[in-house]
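# Take a look and give me a structure for this.
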Amino acid sequence: LVVDDSREVARRALETYTDARRRVRAAAALLAAGARADLPQLIGDRVHVSPAVDQPLIARPPLTEYLADVLDRDDLVVAVRMGGQRPNRKPVLQLLTRTGQILAYAKVGWNDLTRALVRNEAEILVAFAESRGEPASFSVPTLIHAGRCGELDVLVIAPVSPVSWLSGRPPLAEVLAASREIASLNPQTREPLAESAWWRDTRARLDGLHGIVRESRFEVLLDLLALIEERYGDAELLFGGWHGDWTCWNMGRRGSKLVILDWERSGPTVPVGLDAAHYD
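Presented below is the predicted three-dimensional model:
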């Protein structure tokens with residue numbers, strides 16, 4: 001969603017639109033070029049946003065006013081990305097000036113799951129800022145603000161240069177170096193898979209799916225878990241930290257360094273190598 005009274009704001013919002021799919025990034029780049037050329041009727045449908053008539057008004061300041069206070073700006077314009085239909089769907093807001101300058105990005109947690117994800121990312125970024133310092137092989141976004149606007153958890157970070165829609169994956173050597181460093185940010189341990197806290201948590205999360213996924217699929221997952229434990233439960237694994245969403249579209253650039261984004265699923269104790277497997 002972009003404002004319809006400023007082509008410059010629409011252009012800048014579209015130029016920096018990121019997505020896992022190249023064709024979507026390419027389409028956003030073409031739309032940005034059209035906005036730059038001021039082509040009429042480029043931006044499709046118009047959306048009007050208002051409170052639902054049958055819902056009570058929420059007793060909190062409007063989110064745009066809250067963010068304007070955080071950034072101390074009176075010229076704030078917001079572009080909104082909603083993301084696909086999935087459990088952790090949450091708005092990501094691009095915060096711009098009326099002239100198209102990108103000031104920051106904000107994530108908004110609006111239910112139990114997304115609020116927990118936003119809070120976890122805030123804790124990770126605070127840890128980097130206060131104790132961990134600058135990593136050797138990568139950078140992290142600069143945290144501007146973490147707080148609550150009524151029932152919403154809000155995380156605001158400084159802008160990062162996005163991955164170009166023309167670009168492929170970053171060099172593998174850089175990705176592996178960053179992955180290894182993330183795995184070693186917390187003390188590492190060795191223990192049998194079946195005895196690990198991570199495996200117990202995996203079993204508990206699977207149990208939580210009972211009655212949510214189709215029964216036949218749930219039984220298949222239970223069988224797979226039992227098979228893995230039978231075959232590999234005694235195998236000693238190295239456990240360490242991970243990013244949790246280790247993909248090329250969660251990486252940007254700050255000078256010659258990778259900047260790693262989206263730390264909301266990061267944690268301290270998983271089998272080392274899960275990030276690499278996820279990336280592959």
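
# quick one: the strands in the stretch 101-250 of the chain?
Under the criterion DSSP state E, counting those that start in this stretch, strands of the stretch 101-250 of the chain are mapped to 102-109, 143-149, 152-157, 189-192, 236-242.

# can I get those in CSV with mean neighbour count?
(Each C-beta comes from the backbone N, C-alpha and C, glycine too.) Converted to CSV, the strands of the stretch 101-250 of the chain look like this (neighbours: other C-beta atoms under 10 Å):
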stretch, mean neighbour count
strand 102-109, 21
strand 143-149, 17
strand 152-157, 22
strand 189-192, 12
strand 236-242, 19
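
# can I get those strands in JSON lines with distance to Glu219 and mean pLDDT?
Below are the strands of the stretch 101-250 of the chain laid out as JSON lines (distance: least, C-beta to C-beta, whole Å; pLDDT from 0 to 100):
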{"stretch": "strand 102-109", "distance to Glu219": "33", "mean pLDDT": "95"}
{"stretch": "strand 143-149", "distance to Glu219": "41", "mean pLDDT": "96"}
{"stretch": "strand 152-157", "distance to Glu219": "36", "mean pLDDT": "96"}
{"stretch": "strand 189-192", "distance to Glu219": "26", "mean pLDDT": "96"}
{"stretch": "strand 236-242", "distance to Glu219": "26", "mean pLDDT": "96"}
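
# can you put those strands in a markdown table and add distance to Asp45?
Output for those, formatted as a markdown table (distance: least, C-beta to C-beta, whole Å):
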| stretch | distance to Asp45 |
| --- | --- |
| strand 102-109 | 22 |
| strand 143-149 | 28 |
| strand 152-157 | 26 |
| strand 189-192 | 53 |
| strand 236-242 | 40 |
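
# quick one: which of those strands is nearest Ser179?
strand 236-242 (8.3 Å; C-beta to C-beta).

# on contacts alone, who are the packing partners of the closest one?
Strand 236-242 sits against helix 172-183, strand 189-192, strand 267-271, with contacts defined as 3 or more C-beta pairs under 8 Å, 6 or more residues apart in numbering; DSSP states H and E.

# now the helix or strand just after it: how far from the chain's centre is it?
Counting by DSSP states H and E, the next helix or strand C-terminal to strand 236-242 is strand 251-254. Between the centre of strand 251-254 and the centre of its host chain there is 14 Å, according to C-alpha atoms, centre = their mean, to the nearest Å.
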